[in-house]
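[1] Let's see this in three dimensions:
(one chain, ligands or ions: 2)
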Amino acid sequence: MEKSSKKKDFLGFFQLDAGKIIELFDFSLFIKKQRLRASSGKPYKPLSGKTVAMIFNKPSLRTRVSFEIGIHELGGYAVNLEGKSIGVNSREAVEDIARLLSRYNDAIVARLHEHSVIDALAQHASIPVINALTDLSHPCQILADAFTLYEKGLWHDNIKVVFIGDGNNVANSWIELAGILPFHFVLACPDESGHLPDAQILERAKKNSASTIEIIHDPLAAASNADVLYTDVWTSMGQEDETAKRLETFRKFQINSELLGAAKPSAVVMHCMPAHRGQEITAEAMDGPQSIVMDEAENRLHVQKALLVKLLNHEEYRKFHLTHRLQNVANKLKF
Ligand code: CP
Ligand code: NVA
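    Ligands and ions are numbered 1, 2, ... in the order given. The predicted model follows:
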């Protein structure tokens, strides 16, 4: 496989700027439409001949299936590696895994525990590395979430996104995004160490001053006038020993009819899933008319395909944007 000295990873949002994120959203809209071409006999295969190694050190449904199907639909091939069978940093040093996979593949998608391991993977790989979730962050999820709001015409500089629950990897990625793309982000989490977001990410995001970012501890106050009510599990993968204690700590941090009543009548409900009805969200909120959870889950497929083309076939990605800009200019000149 070809090595590139200019290879780009996707480990989080701090490597991007607002313009690049919007470009990726526009390309995701295009990619979503291209799926129809497959049924009309003109499939879109910009990853033809490319292979992607996927390392999963934690369970997954959405991430694994959407990446594997996305790579297949784009004409590439995905190699699935269970973390325990390759033993990252136990059977084999992460540096060696990175160098070896770079000889065989065009990219690595990895779901790992410690974030430092994905940093090391990216540092030693000569091919792009994509963060498919670590204990620290889950940027592919938040990319799909923000894209879902953008696609629905709901995204604007003052959109109030309220995350109810744990200051975990998903919350950290929302905060990273708020450090780059302007909006109003509120996290309502317990005021206890272990449930607050990552201090470094928060500090960096606040320093960038792109968005208003609030960390508060009263879920009902947080939900007031919200455009989006968002939640995630109370117990993340790897924290199973703390389940009983967390059930108690997070009791009030639930998206339910009371919180929905405090939000705007037009508010939408989001959840990265897997969901536990009766814990972080009621069945009524999860399955009710304001819920867009299945749209955000589906969009994992489209944004990750867009991301893969951006990282693995930049020429194709650039060609789309040049054409897109020319079309926009032509459309404006008509008036
Ligand atoms: N939301 C998400 O990442 O789901 P999986 O853990 O099932 O991949
Ligand atoms: N915070 C959750 C996200 C699952 C997609 C976890 O890490 O388990």
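
[2] was I right about Thr51 contacting Leu74?
    No. Thr51 is beyond contact range of Leu74, at 11.7 Å (criterion: Cβ atoms under 8 Å). Every residue, glycine included, has its C-beta placed from N, CA and C.

[3] which of the two has more neighbours?
    Between Thr51 and Leu74, counting by other Cβ atoms under 10 Å, Leu74 is the more crowded of the two (24 against 17).

[4] Now do the same contact list for the more buried one.
    44-48, 305, 308-309 (Cβ atoms under 8 Å, 6 or more residues apart in numbering).

[5] Out of these, which sit inside helices?
    305, 308-309 (DSSP state H).

[6] Flag every residue of the protein that's near ligand 1.
    Residues of the chain lying close to ligand 1 (Cβ under 6 Å from any ligand atom) are 60-63, 133, 141, 272-274.

[7] can you pull out the helices in the stretch 1-150 of the chain?
    Assigned by DSSP state H, counting those that start in this stretch, the stretch 1-150 of the chain shows helices spanning 18-39, 62-73, 83-86, 94-104, 115-124, 139-151.

[8] on that earlier part again, any quick PyMOL command for the buried ones out of the contacts of Leu74?
    Per 16 or more other Cβ atoms under 10 Å, the buried members of the contacts of Leu74 correspond to this PyMOL selection:
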select buried, resi 44+45+46+47+305+308+309
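
[9] residues in the chain within reach of ligand 2, list them.
    For the chain, the contact set with ligand 2 under Cβ under 6 Å from any ligand atom comprises 138, 168-170, 232-233, 236-237, 272.

[10] Go ahead and name everything in contact with the helix or strand bottoming out on mean pLDDT in the chain.
    Of all helical and strand segments in the chain, the minimum by mean pLDDT, DSSP states H and E falls on helix 314-333, at a mean of 88. For helix 314-333, contacts defined as Cβ under 8 Å, 6+ apart pick out 23, 26-27, 30, 46, 309-310.

[11] Just put the residues of the chain next to ligand 2 in a markdown table and tack on distance to Thr249, pLDDT and neighbour count.
    Below are the residues of the chain next to ligand 2 laid out as a markdown table (distance: Cβ to Cβ, whole Å; pLDDT from 0 to 100; neighbours: other Cβ atoms under 10 Å):
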| residue | distance to Thr249 | pLDDT | neighbour count |
| --- | --- | --- | --- |
| His138 | 21 | 98 | 26 |
| Asn168 | 13 | 98 | 24 |
| Asn169 | 18 | 98 | 24 |
| Val170 | 17 | 98 | 24 |
| Asp232 | 14 | 98 | 24 |
| Val233 | 13 | 98 | 22 |
| Ser236 | 13 | 98 | 18 |
| Met237 | 18 | 98 | 16 |
| Cys272 | 20 | 98 | 23 |
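
[12] which of those lies closest to ligand 1?
    Within those, the smallest distance to ligand 1 is 4.2 Å, found for Cys272 (Cβ to the nearest ligand atom).

[13] In contact with that closest one: list those residues for me.
    Counting by Cβ under 8 Å, 6+ apart, Cys272 has contacts 138, 141, 145, 170, 232, 296.

[14] Distance of it relative to Lys305?
    Counting by Cβ to Cβ, to the nearest Å, the separation of Cys272 from Lys305 is 18 Å.

[15] rewinding a little: who wins for most neighbours among the contacts of helix 314-333?
    That'd be Val309 among those, by other Cβ under 10 Å, with 25 neighbours.

[16] residues contacting that residue?
    27, 31, 46-47, 74, 316-317.

[17] how about a cut-off of 10 Å?
    Under the criterion of Cβ atoms under 10 Å, 6 or more residues apart in numbering, the neighbours of Val309 are 24, 27-28, 30-31, 44, 46-47, 50, 70, 74, 315-317, 320.

[18] Could you provide the contacts of helix 314-333 in TSV, with additional columns for distance to Leu121 and pLDDT?
    Output for the contacts of helix 314-333, formatted as TSV (distance: Cβ to Cβ, whole Å; pLDDT from 0 to 100):
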residue	distance to Leu121	pLDDT
Glu23	26	96
Asp26	29	97
Phe27	25	97
Phe30	30	96
Pro46	24	96
Val309	21	98
Lys310	19	97
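
[19] Turn these into TSV, including distance to Lys84.
    Output for the contacts of helix 314-333, formatted as TSV (distance: Cβ to Cβ, whole Å):
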residue	distance to Lys84
Glu23	38
Asp26	39
Phe27	35
Phe30	38
Pro46	33
Val309	31
Lys310	31
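
[20] any idea which of those residues is the one closest to ligand 2?
    When those are ranked by distance to ligand 2 (Cβ to the nearest ligand atom), Lys310 comes first, at 22.6 Å.
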